[in-house]
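[1] okay, here's the prediction I keep looking at, along with the sequence it came from:
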Protein chains: 2
Amino acid sequence: MIVLDGKKTSQKLRTEIAKEVAEMIDNEIRPPHLVAILVGDDGASQTYVNAKEKACQSVGMTSSVYRLSSKTSEKELLAAVDFLNNDPDVDGFIVQLPLPKHINEQNVIERIDPAKDVDGFHPVNVGKMALGLDCFLPATPNGIIEILKHYQIETEGKHCVVLGRSNIVGSPISIMMSQKKYPGNATVTLCHSKTQNLAEITASADILIVAIGSPEFVKENMVKEGAVVIDVGIHRIASTTTESGFILKGDVDFAAVSTKASHITPVPGGVGPMTIASLLSNTLKAAKISRSI
Amino acid sequence: MIVLDGKKTSQKLRTEIAKEVAEMIDNEIRPPHLVAILVGDDGASQTYVNAKEKACQSVGMTSSVYRLSSKTSEKELLAAVDFLNNDPDVDGFIVQLPLPKHINEQNVIERIDPAKDVDGFHPVNVGKMALGLDCFLPATPNGIIEILKHYQIETEGKHCVVLGRSNIVGSPISIMMSQKKYPGNATVTLCHSKTQNLAEITASADILIVAIGSPEFVKENMVKEGAVVIDVGIHRIASTTTESGFILKGDVDFAAVSTKASHITPVPGGVGPMTIASLLSNTLKAAKISRSI
């Protein structure tokens, strides 16, 4: 059994990105600049934004965070988006989700200039992804693609089962895995809460991608011997065995499933680090396109 | 076995559309206006455009066709698109595909104002479709949805197998059938040229949607007893038994498969007529949105 090491793989991607950024700086080109808008004081969101900021700095990119009060109105947030759309010093930006309930997330996402939408959430980017056109791919699905590529996992003609149909992970990765390219060309089955005989379907998967948001949902009996298992979930579970008082678990029962899988991503250190590397990669791409490099 | 009658179902939709158009006219509101741009003299394209024009007239809509020479440059075609984008008397328009080879189809599609893109091919509409947002749904997948709805076919939790991953049929219908609504909520498997054990997979389908572009490709052994079979293909096959010298066949061997299916669409008279009804429905929708009705 091979552990698909997202930390190591993302480090390799980051090194490549850092090299390109360094070249830009050497050529007296301003390094890529990523801005994150953070509305309110959700703890998890703060953690994510901090991690993104640190990642930018680690590859030599410029990073800024706009911290707005939880009382920010939708109109004010849209004005901030307009400002960043028009700021030539900003190559890409993200609005950290979720937003406070009084703000319509879709309105905000659709206001972002697709050329700066490094999260790949704007309908134009989602549409281009679905059509197989060049675009900003959403970070988590793209992170999965990159890890499959890094470990040279064969995907053509394989049965890929995706568990979970969210707009940010399950649905886009199901589309990407069925497209005519590598990684891709798989026969993809998308499963969700209404799926019948779920264990039977997952047990037929050569590649199983789990993004269902339920701790250790996938048990040993749901996995085929030799399957490649990608675990997108991340959950804090209270624990007396650690100093922090919690441990991190994925959507897959790692201890049990890893005895059957040929390859499996751990949690933490699997898909998570890949997601941030994808965001950096999109930011570099935005900077290169806007400056015709 | 029930034949899913697309002719009758589309007639019902058209009657509803005609009623709404008549009400617009009664209220002294200009009826919806659909324009088709036809470049060159491809025979099949001319047939399709004529059918769309006739369909518009049958429901009281205004219809125009811009017939451009096959030598039209991409620049000239883009200028025509711009003109229609800005013409307040045009509610929706389509550019009949395929275009001559010297024109980049994607450039043309992306130039269409998404608010007038009644074919639903612009990345914004594709993205909104993938995200489950309100948009112009592509005509053929939407025609399939409408026929399933009309015959009250149960889809929730069913295994829906889609054969063919084209951007205009297979890929979008696979997305739509997996979404959280009716018809939808199915467990969807998307199959294509790289799929292994194809017959085994199709034979496990409760609902089989075939858009593979190969005459009578789906045989009896590939279909489960009691399955719902939707045939998107349409092929002219030379024949000495008809006056016209050809007969129309679908992607499914109707004679053989209809003995096993619980429901099946015929060719012709199945998905085809539904596709045109969907286009009319999108045009009515565009007219209503642009006039805030």
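    Right, received. Where do you want to start?

[2] using the three-state scheme, assign A:C160.
    Under DSSP: H, G, I helix; E, B strand; the rest coil, A:C160 falls in the strand class.

[3] for the residue nearest the centre of chain A, list the residues it contacts.
    Most central in chain A under CA atoms, centre = their mean is A:T140, positioned 1.8 Å from the mean C-alpha point. If you count contacts by CB atoms under 8 Å, 6 or more residues apart in numbering or on different chains, A:T140 has them with A:168-169, A:173, A:211, A:232, A:271, A:274-275, A:278. Where C-beta positions appear, they are placed from N, C-alpha and C, glycine not excepted.

[4] chain B contacts on the stretch 151-293 of chain A?
    Within reach of chain B by CB under 8 Å from any CB of the partner chain, the stretch 151-293 of chain A has these residues: A:156-157, A:159, A:165, A:167, A:171-172, A:174-175, A:178-180, A:185-192, A:194-196, A:201.

[5] hmm, 6 Å instead?
    With CB under 6 Å from any CB of the partner chain as the criterion, the stretch 151-293 of chain A meets chain B at residues A:156-157, A:165, A:167, A:178, A:185, A:187-191, A:194-196.

[6] give me the buried entries from those residues.
    Neighbour counting with 16 or more other CB atoms under 10 Å in any protein chain shown marks A:165, A:178, A:185, A:187-191, A:194-195 as buried within those.

[7] in TSV: those, plus pLDDT and secondary structure.
    Below are these laid out as TSV (pLDDT from 0 to 100; DSSP: H, G, I helix; E, B strand; the rest coil):
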residue	pLDDT	secondary structure
A:R165	98	coil
A:S178	98	helix
A:N185	98	coil
A:T187	98	strand
A:V188	98	strand
A:T189	98	strand
A:L190	98	strand
A:C191	98	strand
A:K194	98	coil
A:T195	98	coil
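
[8] can you tell me which of these lies closest to A:N104?
    The shortest approach to A:N104 among those belongs to A:R165, at 21.8 Å (CB to CB).

[9] that closest one and A:S193 touch, don't they?
    No: using CB atoms under 6 Å, A:R165 makes no contact with A:S193, being 8.5 Å away.

[10] still on that earlier bit, in CSV: the contacts of A:T140, plus pLDDT, secondary structure and neighbour count.
    Output for these, formatted as CSV (pLDDT from 0 to 100; DSSP: H, G, I helix; E, B strand; the rest coil; neighbours: other CB atoms under 10 Å in any protein chain shown):
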residue, pLDDT, secondary structure, neighbour count
A:I168, 96, coil, 20
A:V169, 98, coil, 26
A:I173, 98, helix, 28
A:A211, 98, coil, 25
A:V232, 98, coil, 31
A:V271, 97, helix, 30
A:M274, 97, helix, 29
A:T275, 96, helix, 23
A:S278, 97, helix, 26
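
[11] relative to chain B, which of these is nearest.
    Taking CB to the nearest CB as the measure, chain B lies nearest A:I168 of the contacts of A:T140, at 10.0 Å.

[12] which of the helices or strands spans the residue nearest to the centre of chain A?
    If you go by DSSP states H and E, A:T140 is part of helix A:139-150.

[13] list the buried residues for that helix?
    Within helix A:139-150, the residues that count as buried by 16+ other CB under 10 Å are A:139-148, A:150.

[14] can you lay out the residues you listed as CSV showing pLDDT?
    Below are the buried residues of helix A:139-150 laid out as CSV (pLDDT from 0 to 100):
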residue, pLDDT
A:A139, 96
A:T140, 97
A:P141, 98
A:N142, 98
A:G143, 98
A:I144, 98
A:I145, 98
A:E146, 98
A:I147, 98
A:L148, 98
A:H150, 98
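
[15] low-confidence ranges in chain A?
    By pLDDT under 70, chain A contains no weakly predicted segment.

[16] now do the domain split for it, please.
    By the record's domain assignment, chain A is partitioned as A:28-113, A:139-272 (automatic domain parsing).

[17] ranking those domains by burial, who's on top?
    domain A:139-272 (a mean of 20; mean count of other CB atoms under 10 Å in any protein chain shown).
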